[in-house]
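**Q** Need coordinates for the following:
(2 chains)
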Amino acid sequence: DAGVIQSPRHEVTEMGQEVTLRCKPISGHNSLFWYRQTMMRGLELLIYFNNNVPIDDSGMPEDRFSAKMPNASFSTLKIQPSEPRDSAVYFCATSTRGGNEKLFFGSGTQLSVL
Amino acid sequence: SQKIEQNSEALNIQEGKTATLTCNYTNYSPAYLQWYRQDPGRGPVFLLLIRENEKEKRKERLKVTFDTTLKQSLFHITASQPADSATYLCALDRGNAGNMLTFGGGTRLMVKP
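**A** As a prediction, this is how the structure comes out:
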């Protein structure tokens, strides 16, 4: 298995632009998490999906952030409009049974909003 | 408020020694706690999971303890090697059956040859 696949690896955009981050989970994993990592705030949970359904989105910072999981093999995190303070590394992680079992992380997307 | 605290200062030790990292938490009642390793430019990688009814768990040179009374977990690496240099993160569930992990800020370990 190729593991959790995230794209793009790096994204540089200008303030106000729409950004879409993508994640392909490991086949058979029914739980998917989006995290954001910065030096100041560490690794923050943004949203959790179970069986493609959003279970908890209390970590989503603002209405500018939205996430979808249209099927078991694909998820997106969208920021519209983007702001410089959104600059961070965004990770997607999946597991077979929520946080009860180990999470498998993707390599992350390094987002820079200028 | 809920907090997960790891020593933000880097831990520097000599090769061959035992490294001990600490994870303290407040206002959580986790059913389990996990430890991850993160290298620069990469995502965290799972190392160990310990449940609330387990005092200790081992895997090769790694050992984790979990004291729910002290609200603390200790992570030990014995016979440390320069390749063990990385940031180590603890994570725990929110204790409300939500199956969501919250991470501490991590401790950077530097093992010198």
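**Q** So is stretch B:73-89 next to chain A?
**A** Yes. Against chain A, stretch B:73-89 shows contacts by Cβ under 8 Å from any Cβ of the partner chain at B:Leu89. Where you see a C-beta, it was placed from the backbone N, CA and C, and this is true even at glycine.
**Q** And that stretch, end to end?
**A** 11 Å (Cα to Cα, to the nearest Å).
**Q** what bridges to the residue nearest to A:Lys102 when sequence neighbours are not counted?
**A** Excluding its sequence neighbours, the residue lying closest to A:Lys102 (Cβ to Cβ, 6 or more residues apart in numbering or on different chains) is B:Phe46, at 3.7 Å. Beta-bridge pairing of B:Phe46 under DSSP bridges involves B:Tyr36.
**Q** count of neighbours near B:Phe46?
**A** Using other Cβ atoms under 10 Å in any protein chain shown, B:Phe46 has 17 other residues around it.
**Q** swap in B:Phe75?
**A** 25.
**Q** ok, now which ones touch it?
**A** B:Thr20, B:Leu21, B:Thr22, B:Cys23, B:Trp35, B:Leu48, B:Leu62, B:Lys63, B:Val64, B:Tyr88, B:Cys90 (Cβ atoms under 8 Å, 6 or more residues apart in numbering or on different chains).
**Q** what bridges to it?
**A** With DSSP bridges as the criterion, B:Phe75 is bridged to B:Leu21, B:Val64.
**Q** Next to chain B, which bits of chain A? Give me the list.
**A** A:4, A:31, A:33, A:35, A:42-43, A:45, A:48, A:50, A:55-56, A:91, A:93, A:97-108.
**Q** Taking chain B, what residue is nearest to chain A?
**A** For chain B, the residue closest to chain A is B:Asn99, as judged by Cβ to the nearest Cβ, at 2.6 Å.
**Q** Can you list the low-confidence ranges for chain B?
**A** Scanning chain B for pLDDT under 70 picks out B:95-98.
**Q** Would you list the phi and psi of the closest residue to A:Pro25 other than its chain neighbours?
**A** In space, and not counting its chain neighbours, A:Pro25 is closest to A:Thr94: 4.0 Å by Cβ to Cβ, 6+ apart. Backbone torsions of A:Thr94, given as degrees, to the nearest 10, read phi -130, psi 160.
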